[in-house]
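Novice: Got a predicted structure plus its sequence, pasted below:
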Amino acid sequence: MREAEVPSAAEQLTTIASGVADIVPAEALQRKLERGVPLTIKLGVDPTAPDLHLGHAVPLRKLRQFQDLGHEVVLIIGDFTALIGDPSGRSTTRPALTPEQVEANATTYIEQAFKILDPAHTVMRRNSEWLAPLGFADILRLTSQFTVARIMERDDFQKRYREGVGISLHELLYPMAQAYDSVAIASDVELGGTDQLFNLLAGRELMEKLGMEPQVCITLPLLEGTDGVQKMSKSYGNYIGLTDAADEMFGKAMSIPDVLMVKYYRLCAALKVTEVDRVEAGLLDGSLHPNAVKRRLAREIVSLYHSEEAAAQAEEAFDRVFKRHEVPDDIPEVVVEPSDPAHLPAVLKAAGLAPTTSEARRLIEGGAVRIDGEPVVLDAGVFDVPWSMLAGRVLQVGKRRFVRIRA
RNA sequence: GGGGGUGUGCCCGAGUGGCUAAAGGGGACGGGCUGUAAACCCGUUGGCUACGCCUACGAUGGUUCGAAUCCAUCCGCCCCCA
């Protein structure tokens, strides 16, 4: 009875191809799908960054699509390769992690990954299972499958070599190690970011040399962060975290540039491809208002990581603050040592609304501070305010920072 | 091993003795407009209960009434030759 629900290879291909950067080679994937047997889909993750965001979620979502089409996922925790450090996109040798760090990161990774993946169709493996037991002879046999010229084709290696930046010998082995993962689990398909293409192809090549059916490589585009320019990353501060609170997540999603909306729909939401196509067309011909489209996107994302109710609440809270310019309903309360008159910059600092009193002064002078929604206007050089103006009231800085003052 | 260059605020980058808390740009923040998008306009961008004081131009120590600017030593980074 399940067979009746299984979409045709062509239909599956439409879903799989949505939003991806490349499928190498696409015909091979089609052939694999046509067999009608569940495929083994591989994703290797480096347990380097503990907190996942929507950028990390992109390949995970694609895996989930595969699962929903009836395929099996093997998630490989690169606990052994983490000791090498993936040189991809790096201009210097990556610092190796300690086994403890790797373990801790792996645990949080798995926890967050299962917000997306279907546990019933996911197998978790660690690549130390098969990489650690390899002897020197095994390594020689594996390395003999690759030529230096082939490995040095990688543009990040080339760049580093040309620029005289050191490349440790063990780094050259990274692609081979990852390739061997594919051999170990006999993957049909491996996913990765566009920067992973070389490593993915190494897997394909090694499998072929060892007489196996080679995997198909699917690359996914890098996701730009909320600033719309840099790729999403914690260090750029432009990320939407998988564990962000619903309100936060909604607000961040609303702040992405319009041009990125369709990409987010494709890569970060769980809608059917036909529905995403419809939204894209609607935006193009003007029948859908961008704001409405973005709201829906924000709701979809929050629903995925929290719930539909949470999404509805987040939208309501968003409207309250940003559309109707009202005070949100749950404002953190801060206890401030009363003084009369009160030195407003000191209060702002104490309340966590400004990092320094100097900054607080600037904000006051710039008209950024409100009490119970009313802008605070003081004479130049005056920063003292009667305590009665503050006690029990809502102190606001800018559009989104609120605090209720408690004596 | 030899020769040369360079180190400024979150980032890039001017500045070669006082007019420099340090031009200009980017970013960020705030205000306006708006759909918390983009674009655009304006303001702010070291600290301090503050018409003043303190700390800042890789580090330390000097010269000077006065130094980011001159000198010495040290540290970091980069380039060329071997």
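Specialist: Yep, that arrived. Numbers count the residues shown, from 1 in each chain, chains lettered A, B, ... in the order given.

Novice: Contact partners for the residue in the stretch 151-300 of chain A that RNA strand B sits nearest to?
Specialist: Nearest residue of the stretch 151-300 of chain A to RNA strand B (CB to the nearest atom of the strand) works out as A:Gly251 at 2.2 Å. Heads up, the C-betas are built off the backbone N, CA and C, glycines and all. Listed by CB atoms under 8 Å, 6 or more residues apart in numbering, the contact set of A:Gly251 reads A:314, A:318, A:400.

Novice: Can you report how many residues lie near the residue nearest to the last one when sequence neighbours are not counted?
Specialist: Excluding its sequence neighbours, the residue lying closest to A:Arg400 (CB to CB, 6 or more residues apart in numbering) is A:Val321, at 6.8 Å. A total of 19 residues lie near A:Val321 under the criterion other CB atoms under 10 Å.

Novice: Surely A:Val321 and A:Ile331 touch.
Specialist: No. No contact is recorded between A:Val321 and A:Ile331 when judged using CB atoms under 8 Å, the distance being 10.4 Å.

Novice: quick one on the thing from earlier: can I get the contacts of A:Gly251 in JSON lines including distance to A:Tyr265, pLDDT and neighbour count?
Specialist: Conversion of those to JSON lines gives the following (distance: CB to CB, whole Å; pLDDT from 0 to 100; neighbours: other CB atoms under 10 Å):
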{"residue": "A:Ala314", "distance to A:Tyr265": "18", "pLDDT": "94", "neighbour count": "25"}
{"residue": "A:Phe318", "distance to A:Tyr265": "19", "pLDDT": "93", "neighbour count": "18"}
{"residue": "A:Arg400", "distance to A:Tyr265": "25", "pLDDT": "87", "neighbour count": "11"}
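
Novice: Which one of those is nearest to RNA strand B?
Specialist: Compare each of the contacts of A:Gly251 with RNA strand B using CB to the nearest atom of the strand and the shortest gap goes to A:Phe318, at 5.1 Å.

Novice: and the strand or helix carrying the closest one, what does it pack onto?
Specialist: Secondary structure from DSSP states H and E places A:Phe318 in helix A:308-318. In terms of contacts (3 or more CB pairs under 8 Å, 6 or more residues apart in numbering; DSSP states H and E), helix A:308-318 is packed against helix A:246-254, helix A:290-305.

Novice: Quick one: the helices in the stretch 201-350 of chain A, in order.
Specialist: Listed in chain order, the helices of the stretch 201-350 of chain A (DSSP state H, counting those that start in this stretch) span residues A:246-254, A:261-268, A:273-285, A:290-305, A:308-318, A:344-350.

Novice: Now the fifth one: buried residues?
Specialist: Pointing back at helix A:308-318 there. Using 16 or more other CB atoms under 10 Å as the burial criterion, the residues of helix A:308-318 that qualify are A:310-311, A:313-315, A:317-318.

Novice: show me which of these neighbour RNA strand B.
Specialist: With respect to RNA strand B, and counting by CB under 7 Å from any atom of the strand, the subset of the buried residues of helix A:308-318 in contact is A:Phe318.

Novice: Can you lay out the buried residues of helix A:308-318 as TSV showing distance to A:Ala346?
Specialist: As requested, the buried residues of helix A:308-318 are exported to TSV (distance: CB to CB, whole Å):
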residue	distance to A:Ala346
A:Ala310	37
A:Ala311	39
A:Gln313	35
A:Ala314	33
A:Glu315	36
A:Ala317	30
A:Phe318	31
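
Novice: which of the buried residues of helix A:308-318 lies closest to RNA strand B?
Specialist: Nearest to RNA strand B among the buried residues of helix A:308-318: A:Phe318, at 5.1 Å, using CB to the nearest atom of the strand.

Novice: Tell me who's in contact with the closest residue to A:Ala310 other than its chain neighbours.
Specialist: The shortest distance from A:Ala310 to any residue that is not its chain neighbour, by CB to CB, 6+ apart, is 4.1 Å, and that residue is A:Ala246. Under the criterion of CB under 8 Å, 6+ apart, the contact partners of A:Ala246 comprise A:302, A:306, A:310-311, A:313-314.
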